[in-house]
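Peer 1: With the sequence up front, the predicted model follows.
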Amino acid sequence: MENNIRWPLKVAVAILLLFLLVPVLIVIPLSFSNENTLRFPPSSWSLRWYGEFLADQRMLGAFRVSLVMAALVTSATLLIALPAAYVIVRLKTAGSEFLYNLFTSPLLLPTIVLGLAILIIFASAGLLGTYTGIALGHLVLTLPYALRILVTALGGAPIIIEEAAASLGARPFTVFRRITLPTIAPGLFSAGALSFLVSFDEVVITLFLAGPRVTTLPVEMFRRLDTRSDPMIAAISVLTISMTLLVVLIVHRSVGLTKSFGR
Amino acid sequence: MAAVDAQNQPRRLGLAIALLAPITLVNLIVFIYPIINLLRISFNVALPGGGIGPEFTWENWVKLAEDSYYLEIVLRSVGVSLLITFLTLLCSYPIALFLHRYEGSWRTFFFVLVVSPLLTSAVVRTYGWVAVLADAGLINNVLSFFGAKSPTRLLYNATGIIIGLTEILMPYMILSLLAGFGRLDPRCEEAALTLGARPFQKFWRIVVPLTAPGIALGCLLCFVLALSSFITPRILGGGRVFLLATEIYDQAVVTLNWPAAGTLSILVLAIFGAALVVYTRALRSFD
């Protein structure tokens, strides 16, 4: 069935795919540059920028914060979004649909507006530059994503088995733990993975909320890039891309990629 | 059974409220209250040093309407975003069409290839564009190899922003287009060809109208994302191209004029609303 695609389209697609991938791919060779400043292609190669990253206490600290933050946000997201998804799909209270739309609506707002709005509130509440503050800021984005995935997962899980368990005398919590939870495990898993990646990559909201001590890796990368563009950012990028790839691969192996990101 | 249900009703309601409490609380603290507060602040006076006066005023909005500096920013932002949307559509359409028609064994591979940039942070992809567009970057080194005397300035101006954002928004456009391509029946295309349409006629009269809803959705999404994105315009514009999103950040973090930043934010939301109206009108006209 490939003969329904004519060669001009194939050529155009090849060029456009190159355009689409060049900025991600160029980072890999650039990270092995031996130059003091950004120059591509570099005149000589080395691992020095990886070394400089590992010696940069500020960047390393930010990297640590990002990992802790992403783990924190992921657990909080699942703990908060799962009960909400359960109510929306299973209990079908009045206005379930309204609640779903309300809780997923933060994704419709630009992060620059959300970041500013949260900054103004947190400034007087003393939450700027704290783990709590940044985690709350990330939850605005991760909760809608997780809710979407979990609502889809719960909606697809057969209710008959749950009813069978209940009619055989299982109490509601037992039904949830022994029947519902295992059937939606793939959804739970992809919601967690996506929350982790969203939190780990978040820049704009965090930029408003980060302080001198608690700051994340993407924010520090942005701040460095704002003043100079040496190859260290490339080295860090390669490390974070590898991490993302690892997460995606794990999700793909255990759940299937198209299934987990399909809406 | 009905009696049991009625008996359970209050308990179910109590359970529902308890399970919804955490998500409601988070949304109140970091979404609903802050946004309402932002709207209110756009009608407050700015005091020096990041303070906000309590009294009601139209001052921020009047200044926004009268100051030609702001008018320029709005026009520039909308213009640049429209251009980016158009270019993104132009670059994404062939890829989406290819993905829709291709049925070979590499399909998943191509699909992942197209979506994978979405999983890379905006900072990384923007940095990639710095490496491509900089004076000592990929393009200028290729140009100088072919004999160019001085580097072409592709960075720290609107050109850089347009190139970078077009690429960064392409995956969103491709996904929207694919969502709309379901209506494209290959038999319609065959019918057009058997009836004597030339390939271009077939494309323009059959393929484009059938995929119009996907085009409209992708354009809405890309316009809105282009207008509100901050990281890419800030880095690729080098702080020299003034757009709505960069201005909001500067007013909020550098000038510490929160009412002004709030007013600009509400204006961005208003433009979003206008784009949505245009989108629904367009959708209705397709049917």
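Peer 2: Alright, I've got the coordinates. It should be emphasised that the depicted structure is a prediction, and the values quoted were computed from it without experimental measurement. Numbering: from 1, shown residues only, chains lettered A, B, ... in the order given.
Peer 1: okay, CA-based contacts and neighbour counts for the rest of this
Peer 2: Fine.
Peer 1: Report the distance from the host helix or strand of A:M59 to the chain centre.
Peer 2: Take DSSP states H and E as the rule and A:M59 turns out to sit in helix A:57-86. With C-alpha atoms, centre = their mean, to the nearest Å as the basis, helix A:57-86 stands 10 Å off its chain's centre.
Peer 1: Stretch B:243-259 too?
Peer 2: 19 Å.
Peer 1: Poorly predicted segments of chain B, please.
Peer 2: Within chain B, the segments meeting pLDDT under 70 span B:1-9, B:48-50.
Peer 1: switch to 90 and redo it
Peer 2: B:1-17, B:41-42, B:44-69, B:97, B:100-122, B:134-156, B:179-213, B:238-240, B:253-257, B:283-287 (pLDDT under 90).
Peer 1: Buried residues, the helix holding A:M59. List them.
Peer 2: A:58-59, A:61-63, A:65-67, A:69-74, A:76-78, A:80-86 (16 or more other C-alpha atoms under 10 Å in any protein chain shown).
Peer 1: Could you list which of the residues you listed also contact chain B?
Peer 2: A:80-81, A:83-84 (C-alpha under 8 Å from any C-alpha of the partner chain).
Peer 1: which one of those residues is nearest A:V27?
Peer 2: A:V27 lies nearest to A:A81 out of those, by C-alpha to C-alpha, at 35.7 Å.
Peer 1: Return the distance of the closest one relative to A:S195.
Peer 2: In this view, A:A81 and A:S195 are 11 Å apart by C-alpha to C-alpha, to the nearest Å.
Peer 1: Need the residues touching each of the two.
Peer 2: A:143, A:146 (C-alpha atoms under 8 Å, 6 or more residues apart in numbering or on different chains).
Peer 1: Now do the contacts for residue 60.
Peer 2: Here I'm looking at chain A. A:53-54.
Peer 1: nope, chain B
Peer 2: Neighbours of B:N60 in contact, by C-alpha under 8 Å, 6+ apart: B:42-45, B:259-260, B:263.
Peer 1: So which of those belong to helices?
Peer 2: B:259-260, B:263 (DSSP state H).
Peer 1: Find the pair from the contacts of B:N60 with maximum spatial separation.
Peer 2: Greatest spacing in those, by C-alpha to C-alpha: B:V45 and B:T263 (11.1 Å).
Peer 1: What's the separation between whichever residue of chain A sits closest to chain B and A:I179?
Peer 2: Distances between chain A and chain B by C-alpha to the nearest C-alpha are smallest at A:P23, namely 4.0 Å. According to C-alpha to C-alpha, A:P23 stands 45 Å off from A:I179.
Peer 1: neighbour count winner among the two?
Peer 2: Each of A:P23 and A:I179 has its neighbours counted (other C-alpha atoms under 10 Å in any protein chain shown); A:P23 has more, 24 against 17.
Peer 1: Would you mind measuring from that one to B:C222?
Peer 2: Distance of A:P23 to B:C222, computed by C-alpha to C-alpha: 19 Å.
Peer 1: what's the answer for B:A192, then?
Peer 2: Distance, B:A192 to B:C222, by C-alpha to C-alpha: 31 Å.
Peer 1: out of the two, which sits in the busier spot?
Peer 2: A direct count of neighbours by other C-alpha under 10 Å for B:A192 and B:C222 places B:C222 higher, at 28 against 17.
Peer 1: Name the nearest residue to the more buried one, ignoring sequence neighbours.
Peer 2: Distance criterion C-alpha to C-alpha, 6 or more residues apart in numbering or on different chains; nearest residue to B:C222, sequence neighbours excluded, is B:T85 at 5.6 Å.
Peer 1: what kind of secondary structure is the one you found in?
Peer 2: Of the three states, B:T85 takes helix under DSSP: H, G, I helix; E, B strand; the rest coil.
Peer 1: OK, contacts around it?
Peer 2: With contact set as C-alpha under 8 Å, 6+ apart, B:T85 has these partners: B:166, B:219, B:222-223, B:226.
Peer 1: Return the member of these nearest to B:Y69.
Peer 2: Closest to B:Y69, out of all of the contacts of B:T85 and judged by C-alpha to C-alpha, is B:A226, at 20.4 Å.
Peer 1: Compare the contacts of B:N60 and tell me which is most surrounded.
Peer 2: Highest neighbour count within the contacts of B:N60, by other C-alpha under 10 Å: B:P259, with 28 neighbours.
Peer 1: re the thing from before, for the helix or strand following the helix holding A:M59, give me every contacting residue.
Peer 2: Per DSSP H and E, the first helix or strand lying C-terminal to helix A:57-86 is helix A:96-104. Helix A:96-104 has contacts (C-alpha under 8 Å, 6+ apart) with A:87-89, A:143-145, A:147-148, B:23, B:27.
Peer 1: gap between the helix or strand just after helix A:96-104 and the chain center?
Peer 2: The helix or strand immediately downstream of helix A:96-104 is helix A:111-125, counting by DSSP H and E. How far helix A:111-125 lies from its chain's middle: 21 Å, per C-alpha atoms, centre = their mean.
Peer 1: what is the orientation angle of whichever helix or strand comes after helix A:111-125 with helix A:57-86?
Peer 2: Following helix A:111-125 in sequence order, the next helix or strand is helix A:131-156 (DSSP H and E). Orientation note: helix A:131-156 sits at an angle of 40 degrees relative to helix A:57-86 (axes from the mean of the first three to the mean of the last three C-alpha atoms, to 10 degrees).
Peer 1: Kindly calculate the angle that helix A:131-156 makes with helix A:96-104.
Peer 2: Between helix A:131-156 and helix A:96-104, the angle comes out at 140 degrees (the same axes, to 10 degrees).
Peer 1: lowest-confidence helix or strand of chain A?
Peer 2: Using mean pLDDT, DSSP states H and E, helix A:257-261 stands out as the lowest-scoring helix or strand of chain A, at a mean of 51.
Peer 1: That's all I had, so thanks and see you.
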